[in-house]
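Enquirer: Quick one, fold the following:
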Amino acid sequence: MKYACKKTGLFLACLFLTALTWAQTKRINGKVLSEEDNKPMVGVSVSVKGNSAGTQTGASGEFSIDAADGNLLVLTYTGYLPQEVKVDKATNLSLTMKTDASRLGEVVVVGYGTQRRKEFAGSSTTVNPLTTKFTPS
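Expert: Okay, here's the model as predicted:
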């Protein structure tokens, strides 16, 4: 009998603590714009730092993610500076990303993703659209 009461009490305590954890997270909606032209950015990675939760911005630059007050949202996009935003009471965010042209030359596009040039161990070529001539067959 005593064992059953302890087991039930432990179960209820775990259930209560889990419910408190769920109550702390909230839905954060946001829109990411480019600082250069103030246009929506498609495909920006938005994640919660130290957590596996993540998403990407859609066609209108908007995203939606669950996070708790005090969490950091990390925004990354190739050719732009990474940005960290602390979650506070606000549930709607408007964020702008700054370009980082100095690091763009370090990126090598491969058929299945991207890699930094120093990590790439293969042959590559640079295509310059101003000097490359296209001849239809």
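
Enquirer: which SS class is T8?
Expert: Classification of T8 using DSSP: H, G, I helix; E, B strand; the rest coil returns helix.

Enquirer: what stretches of the chain score poorly on pLDDT?
Expert: For the chain, the stretches with pLDDT under 70 are 1-6, 9, 12-23, 102-137.

Enquirer: report the longest strand in it, please.
Expert: As assigned by DSSP state E, the longest strand anywhere in the chain is strand 25-34.

Enquirer: Remind me what that strand packs against, helices and strands.
Expert: Counting by 3 or more CB pairs under 8 Å, 6 or more residues apart in numbering; DSSP states H and E, the packing neighbours recorded for strand 25-34 are strand 62-68, strand 72-76, strand 92-97. Just so you know, the C-beta spots here come from the backbone N, C-alpha and C atoms, and that holds for glycine as well.

Enquirer: and the nearest residue to L33 once chain neighbours are set aside, what is it in contact with?
Expert: Of all residues not flanking L33 in the chain, T96 sits nearest, at 5.0 Å (CB to CB, 6 or more residues apart in numbering). Listed by CB atoms under 8 Å, 6 or more residues apart in numbering, the contact partners of T96 are 32-35, 38.

Enquirer: mind listing the helices in the protein by residue range?
Expert: Taking DSSP state H to define them, one finds helices in the chain at 2-24, 101-104.

Enquirer: picking up where we left off before, with respect to K49, which of the contacts of T96 is nearest?
Expert: Taking CB to CB as the measure, K49 lies nearest V32 of the contacts of T96, at 16.6 Å.

Enquirer: Check the contact between T91 and T25; I expect there is one.
Expert: No. T91 is beyond contact range of T25, at 11.4 Å (criterion: CB atoms under 8 Å).

Enquirer: Which one's more surrounded, those two?
Expert: T25 (17 against 13; other CB atoms under 10 Å).

Enquirer: follow-up on the earlier one: now the buried members of the contacts of T96.
Expert: Neighbour counting by 16 or more other CB atoms under 10 Å classes 32-34 among these as buried.
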